[in-house]
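Novice: Sharing a sequence plus its predicted fold:
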Amino acid sequence: MGARVLDLPELTLILGGAASGKSAFAEALVLRTGRARAYLATAQMFDDEMRAKVVRHQTMRGGGWRTIEAPLDLTPALTAARADEVVLLDCATMWLSNHMLTETDLPEAETALITALASCAAPVVVVSNEVGLSVVPENALARRFREAQGQLNQRLAARAGLVVNVIAGLPQVLKGRLE
C-alpha cells in the first residue's frame with residue numbers, strides 16, 4: 001500500500017535556518033501531493049559558488065519539475081499556475097535579498113507577493129529562512145534585512161494554513177496539520 005496523497009492548504013510555509021533541510025522537506029511535501037510540479041526559483045547566479053548550489057539543488061530535486069526563474073516579480077508565475085499543479089517557491093529569503101539589493105519599495109513588493117499568493121489557483125509551498133535566532137548583526141544593512149525577513153515571515157505565516165519549522169532535517173509543525 002503506497003503513501004497517502006497529501007492535500008496541502010492554499011499556502012504552506014516551510015521555515016528553517018541555513019542548511020536545515022527545509023528545501024528537501026518542501027520538495028518531499030510537493031511530491032506527496034501527486035500533482036504536476038512547478039518550481040519557482042528566486043536565486044540569481046552571480047558567482048561560481050551560487051551556480052554550484054543551484055546545480056546541486058536541481059540534481060537533488062530530480063526531473064519532473066517545470067522551472068520558472070523569477071528573482072523579483074513572482075506575480076506572473078503565480079497568476080499562470082494551474083489548479084491541477086502545486087508551486088514550490090524557493091525561496092522567499094532570496095526574493096527579499098534581491099529586492100533589497102535593487103532598493104525596491106519593499107512594502108509594495110510584499111503586498112504584490114501576498115496578493116499573488118492569495119489569488120494563485122494552485123497550492124503554494126514557500127520556503128523561507130528564519131534569520132532571527134542569532135546575534136544582532138553588526139551592520140545596518142544586515143539589521144534591516146533581518147527585520148524585513150522577520151516581518152515577511154510573519155505575514156506569510158499569518159496567511160498560511162500550514163507552517164513547519166525544519167531543524168536538522170526534522171520537521172516541527174507550528175500551525176495546521178501535516179497529514
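Specialist: Sure thing, it's come through.
Novice: Packing partners of the helix or strand bottoming out on mean pLDDT in the chain?
Specialist: Least confident helix or strand, the chain: helix 48-61 with a mean of 78, by mean pLDDT, DSSP states H and E. Packed against helix 48-61, as judged by 3 or more Cβ pairs under 8 Å, 6 or more residues apart in numbering; DSSP states H and E, are the following elements: helix 22-32. Heads up, the C-betas are built off the backbone N, CA and C, glycines and all.
Novice: Show me which positions of stretch 95-115 end up buried.
Specialist: Taking 16 or more other Cβ atoms under 10 Å as the neighbour-count basis, stretch 95-115 is seen to contain the buried residues 95-100, 109-110, 113-114.
Novice: hmm, back to that, from the chain's centre, how far out does the following helix or strand past the least confident helix or strand of the chain sit?
Specialist: Tracing the chain C-terminally past helix 48-61 and defining elements by DSSP states H and E, one meets strand 65-69 next. The chain centre lies 14 Å from the centre of strand 65-69; the measure is Cα atoms, centre = their mean, to the nearest Å.
Novice: which residues touch strand 65-69?
Specialist: The set of residues that contact strand 65-69 without belonging to it, under Cβ atoms under 8 Å, 6 or more residues apart in numbering, is 36-41, 77, 85, 88.
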